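Novice: coords below, sequence missing:
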């Protein structure tokens, strides 16, 4: 379902809305578990007054309003790439708006994608930790729930989640929507039930309360603002998952279900805090309270912990799936090496599993839990990656609005500038936490960016070297006319990234075997800047000579190439019989060259990435029994 698809029936629309509640809003929907607790803990560095609680509650409500409702739901969801959203989809759209790949857009896209990987590691860790920590609020077992117990339970849940990824989530995904809907109903009831205890909390709806809080508190106010950004973590999912559910269902799910639930829950926590500080001797303990679980009566806390754990597992699953999808897009766009992509559902095209990404995420999550040990500590590492990605998204959106939508500069600035200033304010506030943990997300993002940059540069060097060393296709075909070669029956398919150059595998086959097939097909696989390519435009055919043809196969950046199936779509004077077709692939062995190209460390990294990339036959879905690999050595 995409934003450009036919309008769904009412029943289908309701099902998509329920599905979006389960998948899209899991991350942002579980933020009340830790956001208010961390923010009031930052405010408690000084004496907390009534105005302080109203101020930080107001900041949370207006962060949800400005960043999520206005920026993402209202503005960004209009900037869809054939119905698809997400940082790389927006990057492709911006490149198209500028007429091709530009360095600025590429750098912005790489930064946004790199920071997302940090988010994908931190979200499962902080979400599950905060849910399990709720066991400490159950009086009967509070003394038995020590820090090692919390860590052990959390790691067991998280490791189990990563281990089941290879089996797919299609069977349990139907439960995501109902469970999360129950979650939002429960947190709404919990929040509403406490507002009458301190009705003055409704003054938090006034945005000036938040502004005055920041003006009064200086540096402490900025630290609190960094914690307030935890309320909007997961907002990128609204945009990234637009292609799965459509613009309408996501908007309805946010406005009718999720936004009211979050607002009431934060107002309820604010009311509980107002009641708390009115009691004697409460200032010293205000930073140690688990405000979310205190909203529930004592008898309901164990069931609430179970429900919260289920909700955080669903939120983690959504982020993990998002990392798979982002990685697959990056591979198709040439930003990452070819990785093994497995489909876990025969029905849903989006159900994929990348073993390498899953392993790296799991190791990262385990290390985060082991190092930070609590959701409060981990919160310091969280916001920088999220707000950095949001700032990049706004910058790319500005290009699309100005160049593709053709808005005048003043109108573009009127919309984009305030949103960008809000993003920068949150990013700057989180930058204050560099020493206390924000460096982790920055380091993760830097590592991912270094991998992407190294792969892009190394691939460009190899491509340039290939263009220098290979024979132009026109010269090769002319030489065959002067000196015909012996032909054998069947069809040979040579995959080549450069349509105007002679494939290395073809030259090696001719050199060692001295023969040509009856039909020789030179195939170039191209990734377009659109998410999916219709079958009608999948393949183009061009006859070069009596026994040579050229085929260009086009795939969208969200598709996984299936070359044999696409070859059946070729319309020309040649038929491709799978039983008589052989695929000749050039398998590169990359070695380091100290004279030119990459630096030493980049050399080693690029060679390691190339050696661990997926076999071309697996990546292009070519039957192993029909593949002939020709080895060649390339220096970088």
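Specialist: Here it is on my side, so go on. All values derive from a computational prediction rather than experimental measurement.

Novice: quick one, helices of the stretch 101-250 of the chain?
Specialist: Here the stretch 101-250 of the chain has its helices, by DSSP state H, counting those that start in this stretch, at 103-132, 147-163, 170-194, 207-228, 235-240, 242-245, 247-253.

Novice: is the nearest residue to residue 506 once chain neighbours are set aside bridged to anything, and to what?
Specialist: Excluding its sequence neighbours, the residue lying closest to residue 506 (Cβ to Cβ, 6 or more residues apart in numbering) is residue 494, at 4.9 Å. For every residue, glycine as well, the C-beta is placed using N, CA and C. Using DSSP bridges, the bridge partners assigned to residue 494 are residue 522, residue 584.

Novice: and residue 494, how many neighbours does it have?
Specialist: When neighbours are counted by other Cβ atoms under 10 Å, residue 494 registers 24.

Novice: quick one: residues contacting it.
Specialist: Contacts for residue 494 (Cβ atoms under 8 Å, 6 or more residues apart in numbering) come out as 503, 505-506, 520-523, 584.

Novice: one more pass at 10 Å, please.
Specialist: Listed by Cβ atoms under 10 Å, 6 or more residues apart in numbering, the contact set of residue 494 reads 502-507, 509, 517, 520-524, 548, 582-586, 630.

Novice: could you do residue 53 as well?
Specialist: By Cβ under 10 Å, 6+ apart, the neighbours of residue 53 are 36, 39-40, 43, 198, 200-201, 204, 209, 213, 269-274, 276-277, 286.

Novice: what domains does the record give for this protein?
Specialist: According to automatic domain parsing, the chain comprises the domains 10-437, 470-635.

Novice: will you turn those domains into a markdown table that also has distance to residue 453 and mean pLDDT?
Specialist: Compiled in a markdown table, the domains of the chain are given as follows (distance: least, Cβ to Cβ, whole Å; pLDDT from 0 to 100):
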| stretch | distance to residue 453 | mean pLDDT |
| --- | --- | --- |
| domain 10-437 | 7 | 88 |
| domain 470-635 | 9 | 84 |
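
Novice: so which of the ones you listed is the most packed in?
Specialist: Scoring the domains of the chain by mean neighbour count under mean count of other Cβ atoms under 10 Å gives domain 10-437 as the most buried, with a mean of 20.

Novice: doesn't residue 518 fall inside a strand?
Specialist: Yes: assessed with DSSP: H, G, I helix; E, B strand; the rest coil, residue 518 lies in a strand.

Novice: ok, the residue nearest to residue 241 when sequence neighbours are not counted to residue 35 distance?
Specialist: Nearest residue to residue 241, sequence neighbours excluded (Cβ to Cβ, 6+ apart): residue 24, at 4.7 Å. Noted for residue 24: a distance of 18 Å to residue 35, by Cβ to Cβ, to the nearest Å.

Novice: and residue 337, by the same measure?
Specialist: As for residue 337, its distance to residue 35 is 37 Å (criterion: Cβ to Cβ).

Novice: repeat that for residue 585.
Specialist: Between residue 585 and residue 35 the distance is 51 Å, computed by Cβ to Cβ.
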